[in-house]
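S.K.: generate a structure from the sequence data that follows.
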Amino acid sequence: MDLWKNTITPEETLGESLLIERLLACPPKSVLLDAPCGNGRHAIELAGRGHQMTAIDISQALVREAKANANIIGRQMDIQQADMRQMVYESKFDGAYCLGNSIGYLEHGDLETFFAALSRALKPGGRFLIQSGMAAESILPNFKEREWHKTENAHLLIENRYHPSNSCLETEYTVVQNGRTETRRSWHWVFTAAEIQRLLERAALRVIDMHSGLDGKEFKLGNPRLFLLGDKI
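M.R.: Here you go, the predicted model:
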């Protein structure tokens, strides 16, 4: 939704990109993967810092926007519409990152498939950074059935329903903006931090640290975001 995108400043993107660069231990001109890239804000910033960027996303609209944004400021990078579960790269990347709640949209089997593809794409020793806002330790202690959010010109109602039988969070978003109402529904699968780590290990991806943010603070029960930093064995 544009509602979230419009709240992010260029300064935030720069700061986050610098931290990604540091956590991935990127030397100059590293070959990096952003999957999924969304509108490409991090990949474009990192390309501007001299890294060779590949950015993929399953959304045609977001890929189109990322390409347009890159072209406006003359960034040379590879931006493709693709499913991150079906990546076919082999030992290409020095590092990779997956930000946002992207892994939460994947059921168990799909998450295994993505981690296997990510492992193949990384060079041995290559680092990865994965973010999730859907770890059980984040979602369940703070669970709310209904939340209201307000921006300068819009109201957002979030209604949640948790399904214990399959550890799935069903969410309905209602946006009221400029006299129009739009409703969307999403499903996120919830995994514990340990479950995610075990799935990564099966794909030969070792977790080095679990953080609560890009600032590197320790992840604890109730933290709203989980960042997993690791490398390919």
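
S.K.: name the helix or strand of the protein that has the lowest mean pLDDT.
M.R.: helix 2-5 (a mean of 53; mean pLDDT, DSSP states H and E).

S.K.: so which residue is dead centre in the chain?
M.R.: residue 99 (1.9 Å; Cα atoms, centre = their mean).

S.K.: my guess is that residue meets residue 131, correct?
M.R.: Yes - contact criterion Cβ atoms under 8 Å: residue 99 and residue 131 qualify, at 4.6 Å. Any C-beta I mention is one placed from the backbone N, CA and C, and that applies to glycine too.

S.K.: ok, now which ones touch residue 9?
M.R.: Listed by Cβ atoms under 8 Å, 6 or more residues apart in numbering, the contact set of residue 9 is empty.

S.K.: from the recorded domain assignment, give the ranges for the chain.
M.R.: 2-136+191-232, 139-189 (automatic domain parsing).

S.K.: any idea of the pLDDT on the residue of the chain most remote from its centre?
M.R.: Distance to the chain centre peaks in the chain at residue 179, reaching 31.3 Å (criterion: Cα atoms, centre = their mean). Per-residue confidence (pLDDT) for residue 179: 86.

S.K.: next, give phi and psi for it.
M.R.: phi 80, psi 0 (degrees, to the nearest 10).

S.K.: which ones are touching residue 95?
M.R.: By Cβ under 8 Å, 6+ apart, the neighbours of residue 95 are 24-26, 30, 32-33, 122, 126-129.

S.K.: by pLDDT, give me the weakest of the residues you listed.
M.R.: In terms of pLDDT, the lowest of those is residue 26, showing 91.

S.K.: roughly how far does it sit from residue 66?
M.R.: 20 Å (Cβ to Cβ, to the nearest Å).

S.K.: those two: who's more crowded?
M.R.: residue 66 (27 against 19; other Cβ atoms under 10 Å).

S.K.: surely residue 194 forms part of a helix?
M.R.: Yes - checked against DSSP: H, G, I helix; E, B strand; the rest coil, residue 194 lies within a helix.

S.K.: ok, now which ones touch the nearest residue to residue 31 once chain neighbours are set aside?
M.R.: Closest residue to residue 31 apart from its sequence neighbours, by Cβ to Cβ, 6 or more residues apart in numbering: residue 52 at 4.6 Å. Going by Cβ under 8 Å, 6+ apart, residue 52 touches 29-32, 77.
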